[in-house]
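**Q** compute the structure for the input listed below.
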Amino acid sequence: MRKFNIRKVLDGLTAVSSVASASSAAQQQQAGNRETEIQETLQSEHFQLCKTVRHGFPYQPSALAFDPVQKILAIGTQTGALRLFGRPGVECYCQHDSGAAVIQLQFLINEGALVSALADDTLHLWNLRQKRPAILHSLKFNRERITFCHLPFQSKWLYVGTERGNIHIVNVESFTLSGYVIMWNKAIELSSKSHPGPIVHISDNPMDEGKLLIGFESGTVVLWDLKSKKADYRYTHDEAIHSVAWHHEGKQFICSHSDGTLTIWNVKSPTKPFQTITPHGKQLKDGKKPEPCKPILKVEYKTTRAGEPFIILSGGLSYDTVGRRPCLTVMHGKSTAVLEMDYSIVDFLTLCETPYPNDFQEPYAVVVLLEKDLVLIDLAQNGYPIFENPYPLTIHESPVTCCEYFADCPVDLIPALYSVGARQKRQGYSKKEWPISGGNWGLITQSYPEIIITGHADGSIKFWDASAITLQVLYKLKTAKVFEKSRNKDDRPNTDIVDEDPYAIQIISWCPESRMLCIAGVSAHVIIYRFSKQEVTTEVIPMLEVRLLYEINDVESPDGEQVPPLPTPGTGSNPQSIVPQSHPSTSSSSSDGLRDNVPCLKVKNSPLKQSPGYQTELVIQLVWVSGEPPQQITSLAVNSAYGLVVFGNCNGIAMVDYLQKTVLLNLGTIELYGSNDPYRREPRSPRKTRQPSGAGLCDINEGAVVPEDRCKSPTSGSGSPSNSDDDQKMNNFIEKAKMSRKLSLPTELKPDLDVKDNSFSRSRSSSVTSIDKETREAISALHFCETFTRKADTSPSPSLWVGTTLGTVLVIVLNLPPGGEQRLLQPVIVSPSGTILRLKGAILRMAFLDTTGSLVPPAHEPWREHNVPEDKDEKDKSKKRRPVSVSPSSSQEISENQYAVICSEKQAKVISLPSQNCIYKQNITETSFVLRGDIVSLSNSICLACFCANGHIMTFSLPSLRPLLDVYYLPLTNMRIARTFCFTNNGQALYLVSPTEIQRLTYSQETCENLQEMLGELFTPVETPEAPNRGFFKGLFGGGAQSLDREELFGESASGKASRSLAQHIPGPGGIEGVKGAASGVVGELARARLALDERGQKLGELEEKTAAMLYSADSFSKHAHEMMLKYKDKKWYQF
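**A** Numbers count the residues shown, from 1 in each chain. Model (predicted):
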């Protein structure tokens, strides 16, 4: 049971009340004590945490199954996950608690159930007739290892093959073992002197259910007569067997072998194969055997009424095809097609028109499960084109390096992005509908638009429509196309700030209203994009180079140029505009031969054709300084109303006017303080050694950083399970996590921080060399806003708030020229306000509230098409156009106050403006640190949402910072979660749960309650197709297809009880899993009641089946299950 930290909540409440009372006197003078007037509507009952959906390609897939009647696809993974796919938009994720790899999946066709076999030798029966599938039964084998399972169509007896070569039989209704066992020694008898190896194949003869074909790994195949309990035929071959498949008439079967051959056997001729084929072997002269090839891992043999059968196989390429990609081979008559795949093949299945194995199969498609992709091939069209995949499985096309989530966007955004993205689609897909079409969509109860943006290691950015728990790619932007590609290794001296992926995206700043996009990349580059529906050709890509230094004690820069210091307030002089022009790249090295004034990447100098969508407005690059590479960017913000972009790293801060294409501000962090610097800093010697570029985002004390963590991408290197964090010390890991989120600095520089408070920082600083203790203060948060910048201000003005890793917040005043043409002619004047605020821990997020407690969003310019010339009227309007600030307080009198909300990695403060009194304070965590903090709207109110490194998700009311939610969700198990976790409005959040999958969750009680309705249904009532007319097969096995009363053979009365020690039955939770998301309040109670009814009905059904066991065959079981389904199908869970 989870322990609630009552003490922490009480501490927070007492802190709030004491701070509030202490500051109330000052507040009364300033604003008439308006804080007390703000009515906070959010309460604890508005919050509840639950996972909603998982998107993306199943990570490390290991098994595949398809229900040909329900048309549902199932994929199992090496981590015990189960993903089910129906029609586009119907997806489901389940997890086996053990986390063992899924080795095989078997649908109970058209029954709404699935059997999974795991590497820990357990079998599980999943009920798919509920929106969140759950395990009904489990069976754990104790003495034998499971290697292969087979469930015949419309049978309730599952054959389970083991490593020892034995076959056990499981009743899938009761999940109990039959006493009937096929022992390996009985199966092979004297045909082999040695053990035949594990079972690799089991299937019954399509025309006679009483004959079971058993494949042993060593090369022996046995046709077993179930009734007489002996082998009819034994087929021996020298080469190991990988798979076996029947011809539908039951007279022939085909085996695939480890030497790249296929052998076709006539059932009644066991002495030698009827035919041996080497699909990829070179035929040698003189009748010699073809050269051996790689193993054929799987083969399928599918027949058609109108023509030749299909033989489809994976593997089998000749050994001399070095570097050739994995292939699927389709042999049809005399033609052989070799289809190359991008990744290695895990498994494949042929989709056929009929579920009956004894009818012409009529294959129409092949599902190929690859290591990192799912491909569907159309067998009916010439050239075997692939189907266009409608599932969002390309999240990982290039590893995800960062992501942002925007709920409640402007309604015209998704159509705009979709229209420009539609032009990017590839051609040449199959014309047919996607064949996996099962299930039904859930009800759409959320109507607001949601967009997810993912940044990738190759410099690409993808925009996804994430509305109503679905995911669909809208548009892809390639940021790397503005740079010259290096053609050879000699060409790459400048990109060595990172070993690979020099274009990887690190930070995304996006304004949905104006559609301005700004990205920061790993090579210390920033690109500003403007959205346009018109195609343009840019003759010269606008570019600025910025020299951002970290210098103390007037250490001169190599070219002798001094940046003018910021005038300090109160000196009486008017602050002049600081507009250092970008340094031209005249020299590539300084006088002593060190690289200098060179950016890491080279911008193209040829004209750039830009398609509709996001188009480059300006490229900004930091340059090398005296042999030191530029440090990676740690914070970024863009504002469309002001026409400014600002970014910072551990050297300092730079502000650029992207309309005038000029640098407005270029300062070291220390220079920002002016004479108010509270820290004692040692002068820095101008040593010329090259700095490593840090773990992830910022090089704070690089000594302890493993080189592979230098932010190529958070997912690189995490592909293999051996990289697990178990064998690393947690302290080192947490240090890297902090650095990855550009968080903290050593303790010596935190004036108000007790050493005990930050053991992580202490342990890091102790491992640092003395020369590195000149510690840099990085810019960790930036926020443009219109607010009170000084205590004496009577009206709000445009400003930039800067947060640093030492917990300092500094305010810079922006003096903007009037709009229209004047904005392009007059300079923007930037001056410090002298305002300095302090928190414990690195600053993560800032926001502003008006007098009523509503969020004041940054001012923005509404989007308009820039590539169309304006007429006269429009020009007049644009002169008058002022930035839009959606603040509700703008209509109120000027003397009204505002509140600044500042969240650091340790605490949150609410500060009244302009008085700058701290009216509320909350220590979020003492022993851990906040990885992500967001100020979000929920239920017509706002709150602060935090995710801590100790796995807790917390929310606090605003402005009073009352704790509303504190739930232990998941531990910080890897850097990927730290880097990708984000909250957004309406109680939504997400993170990258694996290198290929996004996990979405909600912290809203309302969404949790509606989730059951929003989820799609996997199971839909469908009539099973009629069995084929058997009269056609007269004469085979003495008549038509032979049926078998399996109950008579395998039931307890005939075969006795199985050994109790062989396997242990474990009853499943039976569906309680399905309502964990709605496990509180009336909703949870109703759902539990419904499950109890389901379970009782199931038990009655099983009892009825057992008592009538001798009378009912597998057909009647199917009919019975169908009746049960019809009884419940039209009822919703809340009607019970």
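
**Q** CA only for contacts and neighbour counts going forward, please
**A** OK.

**Q** do you know the pLDDT at Asp491?
**A** Asp491 carries a pLDDT value of 50.

**Q** what distance do you get for the residue nearest to Glu340 when sequence neighbours are not counted to His257?
**A** Nearest non-adjacent residue to Glu340, counting by Cα to Cα, 6 or more residues apart in numbering: Cys327, 4.5 Å away. As for Cys327, its distance to His257 is 16 Å (criterion: Cα to Cα, to the nearest Å).

**Q** these two: which has the busier surroundings?
**A** Neighbour count, other Cα atoms under 10 Å: between Cys327 and His257, His257 has more, with 28 against 20.

**Q** and the closest residue to the more buried one other than its chain neighbours, what does it touch?
**A** Excluding the flanking residues, the one nearest His257 by Cα to Cα, 6+ apart is Ile241, at 4.6 Å. When contacts are counted by Cα atoms under 8 Å, 6 or more residues apart in numbering, Ile241 touches Val200, Gly215, Phe216, Glu217, Ser218, Gly219, Thr220, Cys255, Ser256, His257, Ser258.

**Q** then Asp793?
**A** Here Asp793 is in contact with Pro914 (Cα under 8 Å, 6+ apart).

**Q** do the same with Gly521
**A** Gly521 makes contact with Gly459, Pro502, Tyr503, Ala504, Ile505, Gln506, Ile507, Gln632, Ile633 under the criterion Cα under 8 Å, 6+ apart.

**Q** okay, the residue lying closest to it once chain neighbours are set aside: pLDDT?
**A** Nearest non-adjacent residue to Gly521, counting by Cα to Cα, 6+ apart: Ile505, 4.4 Å away. Listed pLDDT for Ile505 reads 96.

**Q** again, but for Leu114
**A** With respect to pLDDT, Leu114 has a value of 96.

**Q** doesn't Val90 make contact with Arg83?
**A** No: at 10.8 Å, Arg83 does not count as touching Val90 under the criterion of Cα atoms under 8 Å.

**Q** what is the burial count for the residue nearest to Gly521?
**A** 31.

**Q** thinking it is in contact with Thr401, fair?
**A** Yes: with contact defined as Cα under 8 Å, Ile505 reaches Thr401; the gap is 6.3 Å.

**Q** tell me, what's touching these two both at once?
**A** Shared contacts of Ile505 and Thr401 (Cα under 8 Å, 6+ apart): Gly455, His456, Ala457.

**Q** just confirm the last one contacts His396, I think it does.
**A** Put plainly, it is Ala457. No: checked against Cα under 8 Å, the pair Ala457 and His396 is beyond contact range at 9.7 Å.

**Q** of these two, which one has the most company?
**A** Higher neighbour count among Ala457 and His396: Ala457, with 28 against 22, using other Cα under 10 Å.

**Q** can you tell me which residues contact that one?
**A** For Ala457, the contact set (Cα under 8 Å, 6+ apart) comprises Ser398, Pro399, Val400, Thr401, Asp501, Tyr503, Ala504, Ile505, Lys712, Ser713.

**Q** and Gln822, which of the three is it?
**A** Put simply, Gln822 is helix when judged by DSSP: H, G, I helix; E, B strand; the rest coil.

**Q** what's around it, how many residues?
**A** Per other Cα under 10 Å, the neighbour tally for Gln822 reads 12.

**Q** reformat the shared contacts of Ile505 and Thr401 as a markdown table; add distance to Val546.
**A** As requested, the shared contacts of Ile505 and Thr401 are exported to a markdown table (distance: Cα to Cα, whole Å):
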| residue | distance to Val546 |
| --- | --- |
| Gly455 | 24 |
| His456 | 25 |
| Ala457 | 24 |
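
**Q** what residue ranges in the stretch 251-400 of the chain score low on pLDDT?
**A** Residue ranges of the stretch 251-400 of the chain with pLDDT under 70: 285-287, 321.

**Q** show me where it has strands.
**A** Using DSSP state E, counting those that start in this stretch, the strands of the stretch 251-400 of the chain run over 252-257, 262-266, 275-277, 296-302, 310-315, 327-332, 335-340, 345-352, 363-370, 374-378, 400-407.

**Q** okay, those strands in TSV with distance to Ile451 next?
**A** Formatted as TSV, those follow (distance: least, Cα to Cα, whole Å):
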stretch	distance to Ile451
strand 252-257	47
strand 262-266	50
strand 275-277	53
strand 296-302	41
strand 310-315	39
strand 327-332	37
strand 335-340	34
strand 345-352	32
strand 363-370	28
strand 374-378	24
strand 400-407	5
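
**Q** mean confidence for stretch 468-477?
**A** 92.

**Q** which residues touch it?
**A** 52-53, 55, 89, 391-392, 414, 417-418, 420-422, 424, 444-448, 450, 460-466, 614, 1014.

**Q** please list only the buried members of those.
**A** Burial by neighbour count, judged by 16 or more other Cα atoms under 10 Å, picks out 52-53, 55, 89, 391-392, 414, 417-418, 420-421, 450, 460-466, 614, 1014 from the contacts of stretch 468-477.

**Q** what are the structural domain limits within this structure?
**A** For the chain, the structural domains run 142-236, 247-391, 399-420+445-484+500-550+599-633, 775-864+896-923, going by the TED database.

**Q** returning to that earlier point: show me the buried ones among the contacts of stretch 468-477 that map onto strands.
**A** Secondary structure defined by DSSP state E assigns Thr52, Val53, His55, Glu450, Ser460, Ile461, Lys462, Phe463, Trp464, Asp465, Tyr614 of the buried ones among the contacts of stretch 468-477 to strands.

**Q** now for the closest residue to the fourth one other than its chain neighbours: which residues touch it?
**A** I take that to be Glu450. If the residues on either side of it in the chain are set aside, Glu450 comes closest to Ala407, at 4.3 Å by Cα to Cα, 6+ apart. Residues near Ala407 by Cα under 8 Å, 6+ apart: Tyr448, Pro449, Glu450, Ile451, Thr984, Asn985, Asn986, Gln988.
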